[in-house]
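Engineer: Okay, here's the prediction I keep looking at, along with the sequence it came from:
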Amino acid sequence: MPEATLFFALSVPDPVRALAGRLQDEARRAFGPARYPELEGLHITLAFLGRTDPGRAADLLALAARAAGPGFALQTAGTGGFPRPGRARILWLGFGSQPALGSLAERLRAALKAGGAAFDDKPFALHLTLARFREPVDLGRAAFTAQAPLAFEVRGLELFQSVPGPRGNSYRPLGGVPFT
């Protein structure tokens with residue numbers, strides 16, 4: 001089977017998608033054209049595997065199951081930019097500190113490494129990508145509307161395949177691992 005781009009991620013619920021849509025609209029008004037991910041595909045990436053044979057999905061999910069633990073709550077917490085807000089190439093929605101999520105990412109990466117699965121070992125950064133800009137922008141130029149934090153329960157993780165398309169990538173779930 002040909003290789004495809006795979007990654008492990010957490011899906012986000014509809015209220016977070018709606019918030020992301022409002023923030024994307026504000027970014028469009030402030031900064032104009034950019035790559036704005038489709039709301040249906042928004043996710044929090046835990047481990048990016050890159051080019052991998054999708055036929056390995058069952059093995060990868062078995063490795064991820066070793067990392068599963070109890071569910072936990074996340075809460076949205078404002079916007080920011082990478083590499084920095086004054087010259088952002090990426091606009092993101094942040095989340096409050098959640099040690100259980102950092103621990104999950106570490107356990108997942110350790111299980112993948114022990115199982116011989118390749119992945120991008122950049123440090124985990126908890127965020128939801130809202131926009132990718134061709135040229136750096138100063139996020140201080142936008143007055144993002146203050147939003148009340150949204151809390152939600154995380155009950156599992158999923159393995160996704162990135163599928164390129166004319167309007168950007170879409171994401172196809174290949175399977176999931178429920179939390180205990």
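Structural biologist: Perfect, thanks for sending it. Since this is a predicted model, take the numbers as computed values, not measurements. Numbering: from 1, shown residues only.
Engineer: tell me, what residue is most central in the protein?
Structural biologist: I44 (2.2 Å; CA atoms, centre = their mean).
Engineer: Can you name the residues bridging to that one?
Structural biologist: Per DSSP bridges, the residues bridged to I44 are L10.
Engineer: which parts of stretch 113-131 are buried?
Structural biologist: Judged by neighbour count using 16 or more other CB atoms under 10 Å, the buried positions of stretch 113-131 are 117, 119, 124, 126-131. Heads up, the C-betas are built off the backbone N, CA and C, glycines and all.
Engineer: Can you report the mean pLDDT over the residues of that stretch?
Structural biologist: Averaged over stretch 113-131, pLDDT sits at 94.
Engineer: what's the span of that stretch from first residue to last?
Structural biologist: Between the start and the finish of stretch 113-131 there is a gap of 30 Å, counting by CA to CA, to the nearest Å.
Engineer: ditto for stretch 77-95
Structural biologist: Terminal-residue distance, stretch 77-95 (CA to CA): 5 Å.
Engineer: Mind checking which of the buried residues of stretch 113-131 are in strands?
Structural biologist: 128-131 (DSSP state E).
Engineer: Make JSON lines from those and add distance to D25 to it.
Structural biologist: What follows is those, written out as JSON lines (distance: CB to CB, whole Å):
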{"residue": "L128", "distance to D25": "15"}
{"residue": "T129", "distance to D25": "16"}
{"residue": "L130", "distance to D25": "10"}
{"residue": "A131", "distance to D25": "11"}
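Engineer: Surely A58 and G175 touch.
Structural biologist: Yes. With contact defined as CB atoms under 8 Å, A58 counts as touching G175 (7.4 Å).
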